[in-house]
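[1] quick one, structure for this:
(chains A and B)
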Protein chains: 2
Amino acid sequence: MQDDNTVFVGNKPVMNYVLAVVTQFSNGAHEVTVKARGRAISRAVDTTEIALNRFLQGVEKKNVQTSTEVVDTESGKTHVSSIEITLVSRK
Amino acid sequence: MQDDNTVFVGNKPVMNYVLAVVTQFSNGAHEVTVKARGRAISRAVDTTEIALNRFLQGVEKKNVQTSTEVVDTESGKTHVSSIEITLVSRK
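    The predicted structure is shown next:
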């Protein structure tokens, strides 16, 4: 059991990330955190909703946090919104 | 002071929604809830982050909730993710 299981959501199809989350719980994770930045934030919410409603029994949302991160780009620093959704097993 | 001040975030530029949130607090709202569905979820997070970091003094995030809503479309019912971010004035 690891405590820092994290799934970073990007631009791939949402089911890739759902599978990643489900796999981590199947492998015995107690908590899984789903993170995303910018436009992938919507997909992160989709990921946790699909995982919870269709695949995971006995898992619930523990916390949802939004924040701003500073990212270095070629044209200088820029701000980007981010989200962290933590899922926890009730077992 | 109203208790049910809500800003629905859609497909317009993010600053429209930031302005709507800031205006509600300027008009004496104690709490403002920002809601969005589907791909507008990322924009809702941007809205609250920009409003909090650049415009609003003495306002903080109270709660972030994600959920699934059932929507009727021409081709039947479908599920869509949604987010609700509640901001509250410390005053």
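[2] biggest helix in chain A by residues?
    Using DSSP state H, we find that the single longest helix of chain A is helix A:14-26.
[3] quick one: strands adjacent to whichever helix or strand comes after it?
    Helices and strands here follow DSSP states H and E; after helix A:14-26, the next one along the chain is strand A:31-37. Partner strands and pairing direction for strand A:31-37 (DSSP bridges) are strand A:5-9 (parallel), strand A:76-89 (antiparallel).
[4] ok, back up a step: quick check: angle from the longest helix of chain A to strand A:5-9?
    Angle of helix A:14-26 versus strand A:5-9, following axes from the mean of the first three to the mean of the last three Cα atoms, to 10 degrees, is 180 degrees.
[5] which strands or helices does helix A:14-26 pack on?
    Packing partners of helix A:14-26 (3 or more Cβ pairs under 8 Å, 6 or more residues apart in numbering or on different chains; DSSP states H and E): strand A:5-9, strand A:31-37, helix A:41-50, strand A:76-89. In short, each C-beta sits where N, CA and C put it, glycine included.
[6] for the ones you listed, give me a markdown table that also has mean pLDDT and mean neighbour count.
    Listed next are these as a markdown table, based on pLDDT from 0 to 100; neighbours: other Cβ atoms under 10 Å in any protein chain shown:
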| stretch | mean pLDDT | mean neighbour count |
| --- | --- | --- |
| strand A:5-9 | 96 | 19 |
| strand A:31-37 | 97 | 22 |
| helix A:41-50 | 97 | 25 |
| strand A:76-89 | 95 | 18 |
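[7] quick one: neighbours of the residue lying closest to A:Leu56 once chain neighbours are set aside, just the number.
    Excluding the flanking residues, the one nearest A:Leu56 by Cβ to Cβ, 6 or more residues apart in numbering or on different chains is A:Phe25, at 6.0 Å. Neighbour count of A:Phe25, defined by other Cβ atoms under 10 Å in any protein chain shown: 22.
[8] wait, A:Phe25 sits on A:Leu52?
    No - at 10.6 Å, A:Phe25 does not count as touching A:Leu52 under the criterion of Cβ atoms under 8 Å.
[9] report the set of residues contacting both of these two.
    Listed as contacting both A:Phe25 and A:Leu52 by Cβ atoms under 8 Å, 6 or more residues apart in numbering or on different chains are A:59, A:87.
[10] related to what we said a few turns ago, tell me which residues in the longest helix of chain A are buried?
    Buried residues in helix A:14-26, counting neighbours by 16 or more other Cβ atoms under 10 Å in any protein chain shown, are found at A:14, A:17-18, A:20-22, A:24-25.
[11] I am finished for the moment; much appreciated.
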